[in-house]
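In: Here's a sequence, model it:
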Amino acid sequence: MTDTLQKFKDIFRGCESAYGKYVVEYVDEDKNKQTGHGYTVKKPVTDELWQQHLEGKEDPLGVVPFVNDTDVHWGCIDIDIYTGFDHKNLINEIRKQKLPFVVCRSKSGGAHVFVFFKDTISAVYLRKRLDAARKFLGYPKAEIFPKQDNVSFLENNYGNWLNLPYYDGDQSFRYAYKDDGSRALLQDFFALHEQYVQTEETFKMVKIPDKARKREMTDQEIESGAPPCVGTMLNDGVEKGYRNNAMFNVAVFCRKAYGAKWKKKVEEYNAKIFPEGKLGLDELANIINSVNKKSYEYQCKIEPQCSLCDKEQCLTKRYGVGGGDDGLEEFFIEALTKVETEPPTWYATIRGKIVKLSTSELNNQNMLIERCMDKHIFGLQPLPPTRYRAMLAALAETENFQIQEVPQEDKLSGLLWDHIGKYCSKGKDKSDQLERGHAFKDDEAQTFFVNIENLHKYLKKQEFRHYDFNDLVNMFNREYKDFVIKKKFNLRGGKQMKTYGFKFGSFDIATEPYTIKELPVEAF
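Out: Next comes the predicted model:
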């Protein structure tokens, strides 16, 4: 292992038994936008993965900050502003306050503000300090890593991971900044780390003002919260024939977003978005007067808004339908992980705590809020149902939604296979065992024969009730049809019994405790 690789690993040390990767599933070239999903991979974080990250090979490496269930080795404030972000101004504010932070450029052009530790520190304590820091810096809505106060490795609940900087080493666009605002190569980054790395004692002495610094949002930040129709018009302009209709919706957006100066912003946009000539003063005054009335709202069913409408996205926007300072601004689920058990298990991060949910509980806000109360999370208010579902859909398109794959044996189908193996292992080498409700161990054919009805009774006794009798019939006649041997046995009284046979090699029944071999893919 090279010295460079070892230093990088030591700086970003985290969970060693799972890592993250973001898989691009669709590229919209017209909008220059990629969509996909973040996956948590339950495998060791090998030196090869670290090396591939620094060499720009495969996918960027996502590291979970937690080194155990409660402690971390580093933290980060994720300022997610896409373009035009002034990193030098941020660094100046950080150094002025003598904060031991290192600023890196994120892949979106925003900032990852890191703090590093020589040893570990409590995630609960670090999150409180980072919360104060983001408010002081003027970014109260910026995300914090670690996102959770604690996790549970034993339950395969790792929390959220963060893509690391220096993907592709010194050629990376995700680099750190020196204090003068210039680009830091990887060795320069190591020097910054050495300069600002903390111990728990020194970090507790760092003074972070309690008072939040009020920072005026840029037009770009405000416009990112506009409904899709308005956002498109602001970016692409509007044809002459639709000017009045378009400007009405723009004016509604301005009133929601710009407070007391909204009328002035309407005038600015009037001069900006009409390439064939802006509206006259009288026309603009009439629109402003209409929107100034108490009952104002977007006109969604007329052109050009109608053709540009994206209802689900609109419901998620801060200044979309139902949003703004007079409506609901934010969703209370900060992150969501789907663990692909059968049925799925969901972990929602709410106020830094992890709430375990079933699909039904996630779908029902009242049930979700009850689960939150079990975790001592109080005061949550349900969103309107259409907005709640739109928020979930929007969350699923971000890196705050992550999918965690599980081994086959942890799924219901894998557990069923486990139970079938145990049932077979108790079989005897006489065919009358089938009449007694057991499996028949046919040494000559090197096969276990089972009857579905008997197996179903056995499963019920084992409290395994996830598959009813019809499910088992379908499983054997469809999913297992190319994998098992079908055979009929003659019973006393002239009756026949249908059975399905599994070769001895299908199961590993010689060891204790009971283990199973990996089921061939074609079986399921």
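In: What about the nearest residue to T4 once chain neighbours are set aside, how many residues nearby?
Out: Counting by CB to CB, 6 or more residues apart in numbering, L186 is the residue found nearest to T4 once chain neighbours are left out, at 6.8 Å. Every C-beta, even on glycine, is put in place using the N, C-alpha and C of the backbone. As a burial measure, L186 scores 17 neighbours (other CB atoms under 10 Å).
In: shouldn't L186 be in contact with G169?
Out: Yes: in this structure, L186 is within contact of G169 by CB atoms under 8 Å, at 5.7 Å.
In: Phi first, then psi, for the most centrally placed residue in the chain.
Out: When CA atoms, centre = their mean is applied to the chain, the residue found nearest the centroid is F401 (1.7 Å). Dihedral angles of F401 (phi, psi; degrees, to the nearest 10) stand at phi -110, psi 120.
In: Now do the same contact list for it.
Out: By CB atoms under 8 Å, 6 or more residues apart in numbering, the residues touching F401 are H37, G38, A335, L336, T337, K338, L395.
In: Narrow those to those in helices?
Out: Cross-referencing the contacts of F401 against helices under DSSP state H gives L395.
In: Farthest-apart pair in the contacts of F401, please.
Out: Across the contacts of F401, the two members that end up farthest from each other (CB to CB) are H37 and A335, 13.3 Å apart.
In: what residues do the two have in common as contacts?
Out: Here H37 and A335 have F401, Q402 as joint contacts, going by CB under 8 Å, 6+ apart.
In: ok, these two, which is more surrounded?
Out: A direct count of neighbours by other CB under 10 Å for H37 and A335 places A335 higher, at 21 against 17.
In: quick one: the more buried one and T40, what's the gap?
Out: According to CB to CB, to the nearest Å, A335 and T40 sit 11 Å apart.
In: next one: N163
Out: Following CB to CB, the distance that separates N163 from T40 is 13 Å.
In: These two: which is more packed in?
Out: Taking other CB under 10 Å, N163 and T40 do not tie; T40 has more neighbours (25 against 20).
In: any idea which helix or strand carries that one?
Out: In the assignment (DSSP states H and E), T40 maps to strand 33-41.
In: which secondary structure elements does whichever helix or strand comes after that strand contact?
Out: For strand 33-41, the following helix or strand on the C-terminal side (DSSP H and E) is helix 47-55. Applying 3 or more CB pairs under 8 Å, 6 or more residues apart in numbering; DSSP states H and E, one finds that helix 47-55 makes contact with helix 3-11.
In: Enumerate the positions of the helix it packs on that are buried.
Out: For helix 3-11, the buried set under the neighbour-count rule, 16 or more other CB atoms under 10 Å, comprises K7, F8, K9, I11.
In: how about the CA coordinates for that helix, as CSV?
Out: Extracted in CSV, the C-alpha atoms of helix 3-11 (Å, rounded to 0.1, in the frame of the first residue of the first chain):
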residue,chain,number,x,y,z
ASP,A,3,1.8,6.2,1.6
THR,A,4,-0.7,8.3,-0.2
LEU,A,5,-3.4,5.7,-0.1
GLN,A,6,-2.8,5.0,3.6
LYS,A,7,-3.0,8.7,4.5
PHE,A,8,-6.3,9.1,2.5
LYS,A,9,-7.8,6.0,4.2
ASP,A,10,-6.8,7.3,7.7
ILE,A,11,-8.3,10.7,7.1
